[in-house]
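Chemist: whatever this is, show me its structure:
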Amino acid sequence: MRNKLAFETLNVYMLHLMKMYRKSLSGEAGQQELSAVIQFLKHSSTLLEFFTDQRPVKDMSDERLMKLSIAYNWYKSWEKQVCQNDTISRRYKSLLTMETREDLDFMYHGIMSLITFCIEVLKTEVVPARLNSDIIENIFCQQRSLYHGPTTHPTYNSYRTGINSVVLGQSLLSRKSNAGGNGAKPFSAEIPTKKLRI
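Modeler: Residues are numbered from 1 along each chain as shown. Sure, this is the predicted structure:
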């Protein structure tokens, strides 16, 4: 539900709506204020278009990767511009939250390294709309449910014990996730054994 709301707020339809709204304004001041919002929506809609695209990325010269890089660089230049501006007293109020900016960094560098690895090493294509973090989230959920309960800061030793149990004895895929199904069992696959002849 939250993802759907975010998609509807930051997609190309909202960008188009804001452009039409700016045209309807009579004063110069109102139009100038909306130009920053439109600039933000232009780049957020680029991210959403990429991650909802069903067409595979087959090579590193794909135009969508260039657009993704342009959008990411715009966010980084915005952050740099605000951080270097000494006239702004509360800089964090002029930016996205620190967690969101970190997520953007992880998302961009992660997707680019994954696509590079898949295309150049594995010689396969990547469909952006099929990528999600459900398997990783499922590991964290299993890890917490085994030993830690509501602990948000487990120690290294307690995490090590839990992750060994997940890797050796649990399936990473959940029927409730959109990576769902139980056909693939990468860490708990049953190995068929041959019967010994006597």
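
Chemist: break the chain into its domains for me.
Modeler: As assigned by automatic domain parsing, the chain contains the domains 1-52, 55-131, 134-169.

Chemist: adding mean neighbour count and mean pLDDT, write those domains out as JSON lines.
Modeler: C-beta: built from backbone N, CA, C; applies to glycine. Putting the domains of the chain into JSON lines (neighbours: other CB atoms under 10 Å; pLDDT from 0 to 100) gives the following:
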{"stretch": "domain 1-52", "mean neighbour count": "14", "mean pLDDT": "86"}
{"stretch": "domain 55-131", "mean neighbour count": "13", "mean pLDDT": "91"}
{"stretch": "domain 134-169", "mean neighbour count": "13", "mean pLDDT": "70"}
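
Chemist: just the CA trace of the host helix or strand of Phe106, in PDB.
Modeler: Using DSSP states H and E, Phe106 maps to helix 98-120. Once side chains and other backbone atoms are set aside, the C-alpha atoms of helix 98-120 remain, and they are given as PDB (Å, rounded to 0.1, in the frame of the first residue of the first chain):
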ATOM      1  CA  MET A  98      19.600  10.700   5.400                       C
ATOM      2  CA  GLU A  99      18.200   7.200   5.200                       C
ATOM      3  CA  THR A 100      16.500   7.900   1.800                       C
ATOM      4  CA  ARG A 101      19.800   9.300   0.500                       C
ATOM      5  CA  GLU A 102      21.600   6.200   1.600                       C
ATOM      6  CA  ASP A 103      19.000   4.000   0.000                       C
ATOM      7  CA  LEU A 104      19.400   5.900  -3.300                       C
ATOM      8  CA  ASP A 105      23.200   5.300  -3.100                       C
ATOM      9  CA  PHE A 106      22.700   1.600  -2.300                       C
ATOM     10  CA  MET A 107      20.000   1.300  -5.000                       C
ATOM     11  CA  TYR A 108      22.000   2.900  -7.800                       C
ATOM     12  CA  HIS A 109      25.400   1.300  -7.100                       C
ATOM     13  CA  GLY A 110      23.700  -2.100  -6.400                       C
ATOM     14  CA  ILE A 111      21.600  -2.100  -9.600                       C
ATOM     15  CA  MET A 112      24.500  -0.900 -11.700                       C
ATOM     16  CA  SER A 113      26.900  -3.600 -10.300                       C
ATOM     17  CA  LEU A 114      24.300  -6.300 -10.700                       C
ATOM     18  CA  ILE A 115      23.500  -5.400 -14.300                       C
ATOM     19  CA  THR A 116      27.200  -5.100 -15.100                       C
ATOM     20  CA  PHE A 117      27.900  -8.500 -13.500                       C
ATOM     21  CA  CYS A 118      24.900 -10.200 -15.300                       C
ATOM     22  CA  ILE A 119      25.700  -8.800 -18.700                       C
ATOM     23  CA  GLU A 120      29.500  -9.000 -18.700                       C
END
